[in-house]
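*Asks:* Show me the folded form of this:
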Amino acid sequence: MILTESAGYPELLRITQHSYEELSAGRAVPHTVLSGVLAEATREDVLGTLKERYGAEAVDGMVAVLAREIDRQAPAARR
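*Replies:* Residues are numbered from 1 along each chain as shown. As a prediction, this is how the structure comes out:
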């Protein structure tokens, strides 16, 4: 979803295209890259555009999946 809306945002396009290529090749995308995708999509309000096009439920579901993967990969914070 983010990749389809990223054409007007060079940095977002770069990182989403890279992520897509890595996943397509069967490689994992590091949590730092996934976090960057979400941060840049938020900064450029691409998530808002996606919500208008696909609905909040679909976009929130996509963000939840990305957030779970980021959380799964991220090192646990020291307590």
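
*Asks:* Give the closest residue to residue 71 in space, chain neighbours not counted.
*Replies:* Spatial nearest neighbour of residue 71, excluding adjacent residues (Cβ to Cβ, 6 or more residues apart in numbering): residue 31 at 8.0 Å. Glycine gets a C-beta too; all of them are placed from N, C-alpha and C.

*Asks:* neighbours of the one you found, just the number please.
*Replies:* Applying other Cβ atoms under 10 Å, we find 16 residues neighbouring residue 31.

*Asks:* For it, grab phi and psi.
*Replies:* Dihedral angles of residue 31 (phi, psi; degrees, to the nearest 10) stand at phi -60, psi -30.

*Asks:* buried sites along the helix or strand encompassing residue 67?
*Replies:* According to DSSP states H and E, residue 67 maps onto helix 56-73. For helix 56-73, the neighbour count (16 or more other Cβ atoms under 10 Å) marks 59, 62-63, 66, 70 as buried.

*Asks:* Stretch 34-42 too?
*Replies:* 34, 36-38, 40-41.

*Asks:* Compute the distance between residue 10 and residue 51, please.
*Replies:* Between residue 10 and residue 51 the distance is 22 Å, computed by Cβ to Cβ, to the nearest Å.

*Asks:* what about those two, which has more around it?
*Replies:* Taking neighbours as other Cβ under 10 Å, residue 10 and residue 51 compare with residue 51 leading, 15 against 9.

*Asks:* Contact partners for that one?
*Replies:* Residue 51 makes contact with residue 59 under the criterion Cβ atoms under 8 Å, 6 or more residues apart in numbering.

*Asks:* This completes my enquiry, with thanks.
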